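Trainee: curious how this folds, go ahead:
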Amino acid sequence: MGAKHTVRFEPVGIEIEADEDETVLNAAFRQGVMLMHGCKEGQCSACKSFLLDGDIDMERYSTFALADYELEEGYVLLCRSHAYSDLSVELINYDEEMLRSGVPIQVVQTRVETIETLTRDLRRLVLALEDPPEMAFNPGQYVDITIPGTTKTRSFSMANTPSTDDHLEFVIRVYPDGHFSGLLEGRLQPGDPLKVTGPYGVFTLRDHPDRDLLFVGGGAGMAPILCLLRSMAESGSQRRATYYYGARARRDLCYLEEMEALARRLPEFRFVAALSDPVVGEEWDGEVGMITDVVERGEASLHTADAYLLWQRPQVRQERRKTPACPSRCSPTPKLELWSSRARRAVCTTTTSRGG
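Mentor: Got it, this is the predicted structure:
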């Protein structure tokens, strides 16, 4: 271990202790301070901040996330920054409500309990926690799962709620030759060990009971939204909520019975599924079209809504071919950015499995 230094975050006045051998972001995670973050690898700029005072050294990062001129002006990426003196850091992108509600990071040993086929390319993975036998997290967060036999990880959001913290449930898209997801096609078996690190992420419900909720996501993006909805049902939430779920065809839909059950438990909840490419002759009387278009047709006003937007990168590329370049790095598509500006508050994220 290296020398330890104090890092003070402004304008919130929160202080943490950071070891020279760890990044400032990891030091914050370790102490339960939930700074804004995304990739944790210097690629996305979500943790970009301004160094007011002190000495740091940064690991390798992408100039997409931090341009050379920004570095010269004093901006840094906390996921790449190591403190070599006491620091004073100004947070640029932060949610004070979330900062103080973090859960300290844990490393947990688990074993595979269930691998279940949901659709042709979605799998349900359930892990039983062994050491320690439980894991605290906030609904909507994710963990890193270490690929067996390597030091590499893949990030997946929990679908279960913290009330069932003796296991973790995931919805995972299987990619051809995916480094982790490919293991779900017969190579990973019940009883096999897996190491999990977390929780991470700020895709969590804010305490705004007077605002409507808009959830938008497709594919494996259902997992954190399902977690949020299950949590709302457990707490007896009365908030008006709509979940727009996009799939290509009828065979790509899953959890339909649970959505119906949630609608019975949440009287103000509505589930809207849309098919972008339904099979000819397929029985379907629901919405048809890109989910972005379906939302625009279905939502006249979002001024009183909190929007939770989550999408897979292949759909993002498809949508971007239809529209101008996205003006914001925090939002998956231009249309989702439009909804973000129309909603009073938006929590936006793009999911990626970094190769599966």
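Trainee: please name the nearest non-neighbouring residue to residue 227.
Mentor: Taking CB to CB, 6 or more residues apart in numbering, and ignoring the residues beside it in sequence, residue 227 has residue 139 as its nearest neighbour in space, at 4.8 Å. The way it works is simple: take the backbone N, C-alpha and C, and place the C-beta from them, glycine included.
Trainee: ranges for the strands of the stretch 1-150 of the chain?
Mentor: In order along the chain, the stretch 1-150 of the chain carries the following strands (DSSP state E, counting those that start in this stretch): 4-10, 14-19, 48-53, 56-58, 75-77, 81-83, 87-91, 106-117, 122-131, 142-146.
Trainee: mind putting those strands into JSON lines with distance to residue 161, mean pLDDT and mean neighbour count?
Mentor: Conversion of the strands of the stretch 1-150 of the chain to JSON lines gives the following (distance: least, CB to CB, whole Å; pLDDT from 0 to 100; neighbours: other CB atoms under 10 Å):
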{"stretch": "strand 4-10", "distance to residue 161": "30", "mean pLDDT": "97", "mean neighbour count": "18"}
{"stretch": "strand 14-19", "distance to residue 161": "27", "mean pLDDT": "96", "mean neighbour count": "18"}
{"stretch": "strand 48-53", "distance to residue 161": "32", "mean pLDDT": "97", "mean neighbour count": "17"}
{"stretch": "strand 56-58", "distance to residue 161": "37", "mean pLDDT": "97", "mean neighbour count": "16"}
{"stretch": "strand 75-77", "distance to residue 161": "32", "mean pLDDT": "97", "mean neighbour count": "23"}
{"stretch": "strand 81-83", "distance to residue 161": "34", "mean pLDDT": "98", "mean neighbour count": "24"}
{"stretch": "strand 87-91", "distance to residue 161": "29", "mean pLDDT": "97", "mean neighbour count": "20"}
{"stretch": "strand 106-117", "distance to residue 161": "17", "mean pLDDT": "97", "mean neighbour count": "16"}
{"stretch": "strand 122-131", "distance to residue 161": "14", "mean pLDDT": "97", "mean neighbour count": "18"}
{"stretch": "strand 142-146", "distance to residue 161": "14", "mean pLDDT": "96", "mean neighbour count": "21"}
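Trainee: with distance to residue 243 as added columns, please give those in TSV.
Mentor: What follows is the strands of the stretch 1-150 of the chain, written out as TSV (distance: least, CB to CB, whole Å):
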stretch	distance to residue 243
strand 4-10	34
strand 14-19	34
strand 48-53	31
strand 56-58	39
strand 75-77	33
strand 81-83	37
strand 87-91	31
strand 106-117	21
strand 122-131	16
strand 142-146	19
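Trainee: of those, which is nearest residue 304?
Mentor: Ranking the strands of the stretch 1-150 of the chain by proximity to residue 304 (CB to CB) places strand 87-91 first, at 27.4 Å.
Trainee: packing partners for the closest one?
Mentor: Applying 3 or more CB pairs under 8 Å, 6 or more residues apart in numbering; DSSP states H and E, we find strand 87-91 packed against strand 4-10, strand 48-53.
Trainee: take those and lay them out in a markdown table including distance to residue 220.
Mentor: Output for those, formatted as a markdown table (distance: least, CB to CB, whole Å):
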| stretch | distance to residue 220 |
| --- | --- |
| strand 4-10 | 33 |
| strand 48-53 | 27 |
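Trainee: could you say which helix or strand holds the closest residue to residue 265 other than its chain neighbours?
Mentor: Counting by CB to CB, 6+ apart, residue 233 is the residue found nearest to residue 265 once chain neighbours are left out, at 4.3 Å. Residue 233 is located in helix 222-235, with elements delineated by DSSP states H and E.
Trainee: tell me what angle that helix forms with strand 122-131.
Mentor: Following axes from the mean of the first three to the mean of the last three CA atoms, to 10 degrees, one obtains 60 degrees for the angle between helix 222-235 and strand 122-131.
Trainee: the chain should start at 10 in everything you say after this.
Mentor: New numbering, starting at 10: the last item is helix 231-244.
Trainee: picking that back up, quick one: residues contacting the residue nearest to residue 236.
Mentor: 167, 170, 171, 213, 214, 233, 236, 237, 239, 240 (CB atoms under 8 Å, 6 or more residues apart in numbering).
Trainee: can you pull the pLDDT of the residue nearest to residue 274?
Mentor: Confidence at residue 242, expressed as pLDDT, is 97.
Trainee: that one contacts residue 268, doesn't it?
Mentor: No. Applying CB atoms under 8 Å as the test, residue 242 and residue 268 come out as separate, 11.3 Å apart.
Trainee: average pLDDT across stretch 258-277?
Mentor: Along stretch 258-277, the predicted confidence averages to a pLDDT of 96.
Trainee: can you list the buried residues in it?
Mentor: Taking 16 or more other CB atoms under 10 Å as the neighbour-count basis, stretch 258-277 is seen to contain the buried residues 261, 262, 263, 264, 268, 271, 272, 275.
Trainee: which of those residues fall in strands?
Mentor: Secondary-structure check on the buried residues of stretch 258-277 using DSSP state E: no residue lies within strands.
Trainee: helix, strand, or coil at residue 266?
Mentor: Three-state secondary structure (criterion: DSSP: H, G, I helix; E, B strand; the rest coil) places residue 266 in helix.
Trainee: how about low-confidence regions in the stretch 210-359 of the chain?
Mentor: Counting by pLDDT under 70, the stretch 210-359 of the chain has low-confidence residues at 320-359.
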